[in-house]
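Q: Got a predicted model here, sequence first, then my questions.
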Amino acid sequence: MSRLTAIDPKQATGKAKELLDGVQAKIGMTPNLMKGMANSPAALKAYLDFSGALAGGELDPALREQIALTVGAANQCEYCVSAHTAIGKGAGLSNDELVNARNAISGDPKAKAALTFARVVVDAKGNVTNGDLQTLKAAGYSEGEVVEIVAHVGLNIFTNYFNHVAQTEVDFPKVALAAAR
C-alpha cells in the first residue's frame, strides 16, 4: 500500500487535474507514479517537462528504456523496473534485451557502453573517472549524448527515490527484483 495518497484524476482539481488529464489523454492511462506525484503539481509538472524534453533528445527510445532499466535495477525500484519493462516492450526491446538492460548488458557494443556508464554514474554518485568518460566517447557518443545519458540517470533516480518514499503500488505487470539483478 502506498504511503502517499494517489490522487484520483476524477477527484483532482486545479493544476493537478490539468496535468493528470493530460497524461491520460497522451498515454491512455494515469500511472500510479503520476497520481502520487500529483500531490505536488509542481513536482509532477517538473517530471513531465523533464521527461518530455528528454524524449526529444538524441537518444533513441529503446536506449532510453534500457537506461531506465539499468538505473531502476541499480536502485532496486520494483515500480520502475516493472514500468520500464512494459514500456521497453513497446519500444521494440526483446525479453532478453529487457533482462540484460537491468544488468547494464547489451549485445550492441555502443548501447552497452551507455548502460555501463549509466550504472557507473549511479554507483559513483556521479563521480565518474576520466577513463569512464573517455570509454563512453570512444564508443561513439557525442558530448551532447553524454549529457543526455546523465540527464536520464537523474530523471530515473528521481522516480526511483520517489517510489521508494511513496511505496507506489505497481500498476504495470510486476517484475520481481530478484529477476532484475
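A: Received, thanks. Residues are numbered from 1 along each chain as shown.
Q: From now on I want contacts and neighbour counts done on CA atoms only, so please keep to that.
A: Will do.
Q: Walk me through the domains of this protein.
A: If you go by automatic domain parsing, the domain ranges for the chain are 14-55, 61-180.
Q: quick one: which of these is nearest residue 8?
A: domain 14-55 (6.7 Å; Cα to Cα).
Q: hmm, back to that, deepest in the core, which of the domains of the chain is it.
A: domain 61-180 (a mean of 19; mean count of other Cα atoms under 10 Å).
Q: now it, how far from the chain's geometric center?
A: Offset of domain 61-180 from its chain centre (Cα atoms, centre = their mean, to the nearest Å): 7 Å.
Q: re the thing from before, nearest approach to residue 6 belongs to which of the domains of the chain?
A: domain 14-55 (4.4 Å).
Q: Which of the domains of the chain sits closest to residue 3?
A: Across those, closest to residue 3 is domain 61-180 (Cα to Cα), at 4.9 Å.
Q: pLDDT on that closest one, on average?
A: Averaged over domain 61-180, pLDDT sits at 96.
Q: Going forward, count from 361.
A: Got it, first residue is 361 now, which makes that one domain 421-540.
Q: In a markdown table, list the domains of the chain along with distance to residue 361.
A: Formatted as a markdown table, the domains of the chain follow (distance: least, Cα to Cα, whole Å):
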| stretch | distance to residue 361 |
| --- | --- |
| domain 374-415 | 11 |
| domain 421-540 | 6 |
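Q: neighbouring contacts of the biggest helix by length in the chain?
A: Assignment by DSSP state H gives helix 503-526 as the longest helix of the chain. Helix 503-526 is contacted by residues 362-364, 393, 396, 407, 410-411, 414, 417-419, 424, 427-428, 431-432, 435, 437, 439-440, 474, 478, 481-482, 496-497 when judged by Cα atoms under 8 Å, 6 or more residues apart in numbering.
Q: doesn't residue 364 make contact with residue 396?
A: Yes. Here residue 396 reaches residue 364: they are 6.3 Å apart, a contact under Cα atoms under 8 Å.
Q: Which neighbours do these two have in common?
A: With Cα under 8 Å, 6+ apart, residue 396 and residue 364 have common neighbours 526, 528.
Q: Return the longest helix of the chain as CSV; C-alpha atoms alone will do.
A: C-alpha atoms of helix 503-526 as CSV (Å, rounded to 0.1, in the frame of the first residue of the first chain):
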residue,chain,number,x,y,z
GLU,A,503,29.2,15.3,-25.6
GLY,A,504,25.5,16.1,-26.1
GLU,A,505,24.6,12.4,-25.8
VAL,A,506,26.8,12.1,-22.7
VAL,A,507,24.8,15.0,-21.1
GLU,A,508,21.5,13.2,-22.1
ILE,A,509,22.7,9.9,-20.6
VAL,A,510,23.4,11.8,-17.3
ALA,A,511,20.1,13.5,-17.5
HIS,A,512,18.3,10.2,-18.0
VAL,A,513,20.1,8.8,-15.0
GLY,A,514,19.0,11.8,-12.9
LEU,A,515,15.4,11.6,-14.1
ASN,A,516,15.2,7.9,-13.2
ILE,A,517,16.9,8.4,-9.8
PHE,A,518,14.1,10.9,-9.1
THR,A,519,11.4,8.4,-9.9
ASN,A,520,13.2,5.5,-8.2
TYR,A,521,13.6,7.6,-5.0
PHE,A,522,10.0,8.9,-5.2
ASN,A,523,8.7,5.3,-5.5
HIS,A,524,10.8,4.2,-2.5
VAL,A,525,9.5,7.0,-0.4
ALA,A,526,5.9,6.6,-1.5
